[in-house]
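need a structure here:
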Amino acid sequence: MRLTCDIDIASRLLPSQGLAGKSKSIRASLSIGKRPGTDSKEGVIFLLVCTAKDKTGTKYRLKDNVEQFFTKFIAEGKATVRLKDPQQDLRINKADPVQLKNFLSAIRLAHQNTGLDKLQLTPLTKAKTSQVEKPQTRMVVMKQRDYPLTKAFPSTLESLKISHCALTRIEYRILGLKKLTVLDMSHNQIRTLPSSVEHLVSLTELHLPCNQLSEFPAGLCKDPFKSNLEVLDLSENKLKMLPPAICGLANLVNLKIEKNEIMRLPQAIGRLQGLKFLCSSHNQIKTLPAGFIRLSLDTIDLFGNPFLDDGPSTAMSRLEFPTLLELASRMIKRYRLPYNENEIPKPLCDYLDSAKRCLCGTPCFQSSVHYLARADLHRVASTVISLDQRGRVHAPIEAFLCSQRCHDRYQNNPNALWHKK
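Numbering: from 1, shown residues only. This is a model prediction of the structure:
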């Protein structure tokens, strides 16, 4: 029986001699067995601890030699075996909880010298290098000649950076890394993202700057990305828009989309309540959506966009009386009733999908007033990068008003714009 884990061996005699007794956990391979050539009837079983510095290992007799087990945190892969001779504590951590539980049960049987026929004993031989090496959690490839073409990526990777390798896609070997939390594929030639990127179930940071992306798939805004993703860097690509579904990334903290060709931000961007850093400089944005004012940012950078010049708040269209179609559609959107093309005609689905939100929160369609106001970005973020060389910090907000009541409220009282719903 063998267990791979980290181990910290602490002597209980050192404190009595005035020594600190501090030690450091190291990667180890633990096995239970008998010495080669030992008569199987003797029942003398040993615990062998092998490390990278001592692959031959140190043997500990187990029969009547365990003083106590500490298993309070066994579910976290942690436990301590207190030996009588020598007076040492074997502190085990970073072990598989199930394997650790079975391993401790085997040590208990060997200590009690009972049920030895049930034990799966392992030859007490020198450990292999792979058994005592610390698992690789971080990998950086900065040159094309260093990119592994045939060798698999270590399954233990938590952070992977591959830059300047002229890659045109994210290949399947990377998509199978279940423990990956940070993926940086900057400065490549990636044109599309496969839907199977969602198989990276632990990913919290995705860095894709300086590639050739023309779109960010809406499918990547679903779980697990929806719940896990905190940092998304799509800067210096060829994006013309962001999918509305990106506003569903509930835990997104940092969004970088500068130096693209984006013409407008999603209407529902205000749903990103966890967003703290937004950089969308050097795009083609002329106005901001009304939902933008619901953000609460630490830093915002919108420099270099062709925003419309500041001016008085204006209503740019005439309010029409809502049709029966619009009234019914407003109710469907307001109460979030499900719909699809199997239940209603596709033109109606398209109509429902075209819904806009009034500043009061009511969904609206044709019967709405196109409203343009200006907003001080300091009311959205603590730190604001000016919009241009003139130091302008007011940006035009494009909104829609659903009724005469909302028209009167917002047209005659610009401050009402900041009464967040």
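
need the strands for the stretch 251-400 of the chain, in chain order.
254-256, 277-279, 288-289, 297-301, 314-315, 356-357, 363-364, 369-376, 381-385, 394-401 (DSSP state E, counting those that start in this stretch).

in a markdown table: these, plus mean neighbour count, mean pLDDT and distance to Lys222.
Glycine gets a C-beta too; all of them are placed from N, C-alpha and C. Below are the strands of the stretch 251-400 of the chain laid out as a markdown table (neighbours: other Cβ atoms under 10 Å; pLDDT from 0 to 100; distance: least, Cβ to Cβ, whole Å):
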| stretch | mean neighbour count | mean pLDDT | distance to Lys222 |
| --- | --- | --- | --- |
| strand 254-256 | 20 | 98 | 17 |
| strand 277-279 | 20 | 98 | 22 |
| strand 288-289 | 24 | 92 | 22 |
| strand 297-301 | 18 | 97 | 25 |
| strand 314-315 | 14 | 65 | 37 |
| strand 356-357 | 20 | 84 | 22 |
| strand 363-364 | 21 | 90 | 23 |
| strand 369-376 | 19 | 85 | 31 |
| strand 381-385 | 15 | 96 | 28 |
| strand 394-401 | 22 | 89 | 27 |
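
okay if I get those as a markdown table plus distance to Leu183?
Putting the strands of the stretch 251-400 of the chain into a markdown table (distance: least, Cβ to Cβ, whole Å) gives the following:
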| stretch | distance to Leu183 |
| --- | --- |
| strand 254-256 | 15 |
| strand 277-279 | 19 |
| strand 288-289 | 29 |
| strand 297-301 | 24 |
| strand 314-315 | 45 |
| strand 356-357 | 34 |
| strand 363-364 | 37 |
| strand 369-376 | 35 |
| strand 381-385 | 27 |
| strand 394-401 | 32 |
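
so which of those comes closest to Asn413?
Across the strands of the stretch 251-400 of the chain, Asn413 has its closest neighbour in strand 369-376 (10.7 Å, Cβ to Cβ).

who are the packing partners of the closest one?
strand 314-315, strand 394-401, helix 404-412 (3 or more Cβ pairs under 8 Å, 6 or more residues apart in numbering; DSSP states H and E).

dump those into a markdown table; add distance to Lys179 as well.
Putting these into a markdown table (distance: least, Cβ to Cβ, whole Å) gives the following:
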| stretch | distance to Lys179 |
| --- | --- |
| strand 314-315 | 53 |
| strand 394-401 | 41 |
| helix 404-412 | 50 |
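
the ones you listed: which one's closest to Leu149?
Among those, the nearest to Leu149 by Cβ to Cβ is strand 394-401 (48.0 Å).

next up, phi/psi of Asp8, please.
phi -130, psi 110 (degrees, to the nearest 10).

beta-bridge partners for it, please?
Arg91 (DSSP bridges).

hmm, Lys24 and it touching each other?
Yes - between Asp8 and Lys24 a contact is recorded at 6.8 Å, counting by Cβ atoms under 8 Å.

what about those two, which has more around it?
More neighbours surround Asp8 than the other of Asp8 and Lys24, with 16 against 6 (other Cβ atoms under 10 Å).

OK, contacts around that one?
Counting by Cβ atoms under 8 Å, 6 or more residues apart in numbering, Asp8 touches 23-26, 91, 93.

output those as CSV; include the columns distance to Gly248, pLDDT and secondary structure.
Shown next, in CSV, are the contacts of Asp8 (distance: Cβ to Cβ, whole Å; pLDDT from 0 to 100; DSSP: H, G, I helix; E, B strand; the rest coil):
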residue, distance to Gly248, pLDDT, secondary structure
Ser23, 47, 70, coil
Lys24, 44, 81, coil
Ser25, 40, 87, coil
Ile26, 44, 90, strand
Arg91, 43, 95, strand
Asn93, 37, 93, strand
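
of the residues you listed, which is the most crowded?
Highest count within the contacts of Asp8 by other Cβ under 10 Å belongs to Arg91, 19 neighbours.

how far away is that residue from Thr80?
Per Cβ to Cβ, to the nearest Å, Arg91 is found 5 Å from Thr80.

who touches both of the two?
Here Arg91 and Thr80 have no joint contacts, going by Cβ under 8 Å, 6+ apart.

what's the closest of the helices and strands packed on strand 369-376 to Leu229?
Going by Cβ to Cβ, the one of the helices and strands packed on strand 369-376 nearest Leu229 is strand 394-401, 26.3 Å.

just checking, what packs against that closest one?
So strand 394-401, by 3+ Cβ pairs under 8 Å, 6+ apart, packs with strand 288-289, strand 369-376, helix 404-412.

which outside residues touch that strand?
Identification of contacts with strand 394-401 by Cβ under 8 Å, 6+ apart yields 286-290, 292-293, 302, 307-308, 310, 315, 319, 356-359, 364, 368-377, 387, 407, 410-411, 417.

among the helices and strands packed on strand 369-376, which is nearest Met139?
Closest approach to Met139 among the helices and strands packed on strand 369-376 is made by strand 394-401 (41.3 Å; Cβ to Cβ).

just to revisit the earlier point, how about the helices and strands packed on strand 394-401 in JSON lines, adding distance to Tyr339?
Listed next are those as JSON lines, based on distance: least, Cβ to Cβ, whole Å:
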{"stretch": "strand 288-289", "distance to Tyr339": "24"}
{"stretch": "strand 369-376", "distance to Tyr339": "26"}
{"stretch": "helix 404-412", "distance to Tyr339": "26"}
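
which one of these lies nearest to Met331?
Comparing the helices and strands packed on strand 394-401 by Cβ to Cβ, helix 404-412 comes nearest, at 17.7 Å.

for that closest one, name the packing helices and strands.
strand 369-376, strand 394-401.

note down every partner strand of the first one and its orientation.
For strand 369-376, the paired strands and their directions (DSSP bridges) are strand 314-315 (antiparallel), strand 394-401 (antiparallel).

just the helices in the protein please.
Secondary structure of the chain, counting by DSSP state H: helices at 97-112, 129-132, 172-175, 225-228, 324-334, 346-353, 404-412.

identify the residues contacting the fourth one?
Pointing back at helix 225-228 there. 198, 201-204, 248-251.

select, from those residues, the two members most distant in space.
Farthest-apart pair in these is Ser202 and Gly248; separation 18.9 Å (Cβ to Cβ).

and these two? Which one has more around it.
Shown here are Ser202 and Gly248; by other Cβ under 10 Å, Gly248 has more neighbours (18 against 13).

show me the contacts for that one.
For Gly248, the contact set (Cβ under 8 Å, 6+ apart) comprises 221-222, 226, 271.

nothing else from me, thank you.
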